[in-house]
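**Q** Here you go, sequence then predicted model.
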Amino acid sequence: MNDEKLYQVALKFIHGIGDVNAKQLISYCGSAKAIFNNPKAKLQKIPGIGVKTIESILSSKVLHSAEKEIEKCLTSNVHLLFYTDPGYPSRLKLVNDSPIILFSKGNIDFNKQKVVGIVGTRKATEYGKSVTESIVKDLVPHDAIIVSGLAYGIDITAHRAALDNNLPTVAVLAGGLDKIYPVVHKKYVADLMENGAIVSEKFLGTTPEAHFFPARNRIIAGMSDAIVVVEAAEKGGALITGEIAYSYNRDVFAVPGDIDHKYSEGCNKLISKQKANIYSGISDLEYLLNWDKEERVDSKPVLNIDQFDGDTRKVIEVLLEFRDGLQLDELCWKSQVPINQAVSILLNLEFDGLVRSLPGKKYKLS
């Protein structure tokens with residue numbers, strides 16, 4: 001474990017520092033290590049950093065705590081992914097409140113081209129389970145990663161269906177990786193880690209508490225290209241995940257249900273509020289994520305960047321730098337072009353055959 005990793009983990013032990021403030025500290029100081037090496041006078045000039053936080057940074061206690069946590073992770077074969085690490089889920093990294101560190105155990109590339117989150121009620125009906133199994137089976141040709149929360153009902157049905165169909169699957173936990181919840185699902189974890197992973201933002205030994213689950217849901221939403229809500233009560237956790245995904249500009253799908261059924265209320269609510277698309281089959285997802293588009297081998301128009309200026313030129317310059325393409329959020333961040341303006345620019349460039357849209361709201365030059 002390198003020296004910088006020690007300071008990265010120590011950030012999570014600083015009093016009064018959340019994920020957003022931790023990233024702000026790094027942007028001011030340049031690295032996690034630099035934060036701890038800054039004098040008190042400089043730390044006081046950083047907006048939002050109070051006296052108690054500075055005292056915690058300058059104390060040796062957080063570094064000792066970080067050392068112990070790293071030792072536990074090494075013993076348990078747990079990987080520590082800082083948000084600037086190449087292996088950190090790139091989709092999640094773009095989310096403002098994404099965890100600065102993910103604890104991961106398993107065998108998976110989080111940055112595969114296609115990732116779908118499937119969530120729903122713990123009290124799933126047989127219909128809901130059947131729909132979930134069908135969704136996963138239909139995703140086999142896309143070799144998509146299936147992300148869910150290992151909970152009863154729809155979640156575990158999605159994980160089991162992924163295992164049965166040899167699709168990689170990721171279980172996001174609300175507690176530490178050594179605190180599998182519910183315990184009865186521990187029997188699936190070994191198989192899951194063979195072609196997937198369990199992940200959490202919590203330290204090892206952390207017991208999953210009720211208020212941890214909404215935060216867990218943001219990770220599921222942030223890691224995915226799209227979220228499919230199969231069954232959800234009006235105020236269920238699955239509905240929260242759908243709402244979060246919508247706020248993250250992810251494509252959200254909901255399976256419509258009987259208007260008199262309790263566990264259809266959440267899905268129907270998302271659809272009626274236009275926060276989710278109706279899921280009636282895999283073609284709905286393929287269409288909105290552009291997975292149904294064939295690779296085109298037509299003759300490509302010549303790109304002459306000198307014919308563009310303003311925001312259009314900014315977008316093209318970023319795409320020229322990242323030839324493999326970028327997700328929309330990251331493209332907007334790097335070009336400093338507002339998302340609404342960028343969408344219009346990309347659409348026009350796509351009409352001209354200069355830009356191609358890829359799955360997961362990703363764009364690249366043709």
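**A** Perfect, thanks for sending it.

**Q** Report the buried residues of the host helix or strand of residue 159.
**A** Mapping residue 159 onto the secondary structure by DSSP states H and E places it in helix 154-164. Of the residues in helix 154-164, those with enough neighbours to count as buried (16 or more other C-beta atoms under 10 Å) are 154, 155, 156, 157, 158, 159, 160, 161, 162, 163. No exception for glycine: its C-beta is placed from N, CA and C like everyone else's.

**Q** residues in contact with the nearest residue to the second one once chain neighbours are set aside?
**A** This points to residue 155. Nearest in space to residue 155, with sequence neighbours left out and distances taken as C-beta to C-beta, 6 or more residues apart in numbering, is residue 148 at 4.3 Å. For residue 148, the set of contacting residues under the criterion of C-beta atoms under 8 Å, 6 or more residues apart in numbering consists of 117-119, 154-156, 158-159, 169-172, 220.

**Q** farthest-separated two in the residues you listed?
**A** Checking these against each other with C-beta to C-beta, the farthest-apart pair comes out as 154 and 170, at 15.3 Å.

**Q** quick one on the thing from earlier: which one of the contacts of residue 148 is nearest residue 342?
**A** Using C-beta to C-beta as the measure, the one of the contacts of residue 148 that approaches residue 342 most closely is residue 117, at 24.3 Å.

**Q** Which strand residues bridge the closest one?
**A** Following DSSP bridges, residue 117 is listed with bridge partners residue 147, residue 227.

**Q** residues touching it, list them.
**A** Contact analysis of residue 117 by C-beta under 8 Å, 6+ apart lists 146, 147, 148, 220, 221, 223, 224, 226, 227, 228, 241, 245.

**Q** Any chance of a markdown table for the residues you listed, columns distance to residue 40 and pLDDT?
**A** Shown next, in a markdown table, are those (distance: C-beta to C-beta, whole Å; pLDDT from 0 to 100):
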| residue | distance to residue 40 | pLDDT |
| --- | --- | --- |
| 146 | 48 | 98 |
| 147 | 42 | 98 |
| 148 | 45 | 97 |
| 220 | 39 | 97 |
| 221 | 38 | 96 |
| 223 | 38 | 96 |
| 224 | 42 | 95 |
| 226 | 46 | 95 |
| 227 | 44 | 96 |
| 228 | 50 | 97 |
| 241 | 41 | 92 |
| 245 | 41 | 93 |
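
**Q** Just put the residues you listed in a markdown table and tack on distance to residue 309.
**A** Putting the contacts of residue 117 into a markdown table (distance: C-beta to C-beta, whole Å) gives the following:
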| residue | distance to residue 309 |
| --- | --- |
| 146 | 44 |
| 147 | 41 |
| 148 | 46 |
| 220 | 41 |
| 221 | 37 |
| 223 | 37 |
| 224 | 36 |
| 226 | 35 |
| 227 | 38 |
| 228 | 41 |
| 241 | 41 |
| 245 | 35 |
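
**Q** Name the nearest of those residues relative to residue 10.
**A** Out of the contacts of residue 117, the one with the shortest distance to residue 10 is residue 223. That distance is 24.9 Å, counting by C-beta to C-beta.

**Q** Quick one: neighbours of the closest one, just the number.
**A** A count of neighbours around residue 223, defined by other C-beta atoms under 10 Å, yields 27.

**Q** dump the residue contacts of it.
**A** 89, 91, 92, 110, 115, 117, 147, 170, 172.

**Q** ok, the residue nearest to residue 142 when sequence neighbours are not counted to residue 96 distance?
**A** Counting by C-beta to C-beta, 6+ apart, the nearest residue to residue 142 once its immediate chain neighbours are dropped is residue 114, at 5.1 Å. Noted for residue 114: a distance of 24 Å to residue 96, by C-beta to C-beta, to the nearest Å.

**Q** okay, these two: which has more neighbours?
**A** Neighbours around residue 114 and residue 96, counted as other C-beta under 10 Å, are more numerous at residue 114. The numbers are 18 against 10.
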